[in-house]
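[1] quick check, what structure comes out for this input:
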Amino acid sequence: MIDFLVVGSGIFGATCARLLSDAGKSVRVLERRNHMGGNCFDEPIDDQLVNRYGGHIFHTNSRKIWDFVNRFSAWRAYEHRVKARVGWKIYSFPVNLMTLQQIYGVRSPAEAQAIMPDGKLTDRLYKMFYEGYSFKQWGGAPPPGVIERIPVRMTWDDRYYSDKYQAVPERGYTELIKEILRTVPVIYETDYVENQEYWNKQARQIIYSGSLDALYGNDLGELPYWSLTWRNETMSGDFQGCATVNYCDIEIPFTRILEWQHYGHRSRAGTSIITFEYPAAFLPGANEPHYPITSNANRELYKSYRARVRPGVWVGGRLGSYQYLNMDQTIGQAMRLVEDIANETEFERSTRPDRIAVDWKRAGDDLDPVGVGGGWDDLIGDQSGGSVETG
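    Numbering: from 1, shown residues only. Take a look at the predicted model:
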């Protein structure tokens with residue numbers, strides 16, 4: 001019998017597996033899909049690195065997390081910039097002084113402040129950039145707090161993120177995860193949920209990164225998620241001149257176009273692969289859950305499932321936590337979980353009913369990216385976990 005069975009080979013599961021293996025534990029990873037990496041999975045297409053599940057940018061303020069990922073890959077410095085298309089015009093985004101200059105003619109922070117006291121979006125800005133986009137992305141109004149997470153800057157800084165460390169792995173996320181899981185056996189195309197009784201007998205403890213409702217056959221009801229679909233096209237040359245353009249008008253069915261040669265400054269002559277991203281309702285068995293639709297009722301449903309988690313099972317990651325997590329937050333959550341496992345006494349191991357890796361950051365940790373919860377950067381910028389982008 002092995003010490004730990006880790007369910008899922010995304011960034012959360014891979015980090016847990018690596019840290020446990022480093023601590024001398026016997027670990028095996030179970031992966032439902034035919035590839036590792038979860039939603040971070042990327043692959044070369046026509047000599048261009050393409051994320052199958054939407055764009056991912058790694059960004060963090062945590063030196064501890066940055067040092068961890070640098071164990072497994074060289075990194076290419078990359079500060080992500082996004083444009084927004086409204087009608088036939090292209091605007092700087094997220095909202096900054098250049099955006100306000102384009103719309104209102106402002107030339108200074110003082111003039112911007114007069115238009116947007118305390119940085120509060122005007123109705124015009126909301127309708128231009130968020131109203132139609134949100135309706136497409138969520139099928140209606142976004143969950144509470146999503147709009148508030150979007151950065152608004154009273155400077156000329158048009159970077160999407162302001163974190164200290166921003167980069168993409170030199171050889172891609174699949175190779176990064178492969179290196180993290182080096183020496184750890186991975187079993188593919190195997191669904192833990194379908195044969196829990198068998199797999200529970202193979203390991204002393206389980207780390208589960210899937211959705212909690214699926215773990216219990218949705219017997220209390222399904223936790224609502226929103227999903228995405230993608231369509232790739234090959235263009236004859238540089239299509240849009242940047243990595244991401246958001247399409248904010250509600251009449252346009254897709255939310256954004258991603259151009260892969262611009263991710264990580266990999267511009268090249270010749271063809272260019274672009275990806276159209278479409279929001280979609282989550283249909284179990286038909287597509288993948290990407291974004292939890294948070295509400296008080298949904299959180300209570302999640303808590304009901306969480307209360308049933310038995311001793312010997314640990315749950316985390318974006319799906320397991322039912323919350324938005326950027327990639328660095330997901331790694332930080334995994335670090336905290338493994339630390340908790342190491343510190344838990346035998347008595348606690350046998351009696352503690354609630355074993356969920358939700359509170360990934362605690363006071364004093366160097367694990368603090370910008371704000372717990374991640375969020376809109378996965379939707380209107382790029383997934384960081386999962387997110388995508390988002391895990």
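
[2] any buried residues in stretch 277-285, and which?
    Buried residues in stretch 277-285, defined by neighbour count with 16 or more other C-beta atoms under 10 Å: 277, 279, 282. From N, CA and C alone the C-beta is placed, and that goes for glycine too.

[3] mean confidence score for that stretch?
    Mean pLDDT, taken over the full extent of stretch 277-285, equals 90.

[4] quick one: contacts of it?
    With C-beta atoms under 8 Å, 6 or more residues apart in numbering as the contact definition, stretch 277-285 has outside contacts at 54, 136-139, 214, 218, 222, 224-231, 253-258, 287-290.

[5] any idea how far that stretch is from the chain center?
    For stretch 277-285, the distance between its averaged C-alpha position and the chain's averaged C-alpha position is 16 Å (C-alpha atoms, centre = their mean, to the nearest Å).

[6] what's the first-to-last distance across it?
    20 Å (C-alpha to C-alpha, to the nearest Å).

[7] for the buried residues of stretch 277-285, which one is nearest residue 97?
    residue 277 (27.8 Å; C-beta to C-beta).

[8] which SS class is the closest one?
    State at residue 277, reduced to three classes by DSSP: H, G, I helix; E, B strand; the rest coil: strand.

[9] how close does it get to residue 257?
    Applying C-beta to C-beta, to the nearest Å, the value for residue 277 to residue 257 is 7 Å.

[10] what about residue 251, neighbour count?
    Under the neighbour criterion other C-beta atoms under 10 Å, residue 251 is assigned a count of 7.

[11] likewise for residue 103?
    The number of residues near residue 103, taken as other C-beta under 10 Å, comes to 19.

[12] now it: which helix or strand?
    Under DSSP states H and E, the secondary-structure element containing residue 103 is helix 97-104.

[13] would you mark the buried spots in that helix?
    97-101, 103-104.

[14] other SSEs contacting the following helix or strand past that helix?
    Once the chain leaves helix 97-104, the next helix or strand it forms, by DSSP H and E, is helix 109-115. Packed against helix 109-115, as judged by 3 or more C-beta pairs under 8 Å, 6 or more residues apart in numbering; DSSP states H and E, are the following elements: helix 97-104.

[15] from the contact counts, what lies against the longest helix along the chain?
    Among the segments of the chain that qualify as a helix by DSSP state H, the longest is helix 327-343. Under the contact criterion of 3+ C-beta pairs under 8 Å, 6+ apart, the helices and strands touching helix 327-343 comprise helix 11-22, strand 58-60, helix 63-70, helix 317-321.

[16] and those, which is most packed in?
    Greatest average neighbour count among the helices and strands packed on helix 327-343 goes to helix 317-321 (a mean of 30), per mean count of other C-beta atoms under 10 Å.

[17] chain center to that one, what's the gap?
    The offset between the C-alpha centroid of helix 317-321 and the centroid of the whole chain comes to 10 Å, using C-alpha atoms, centre = their mean.
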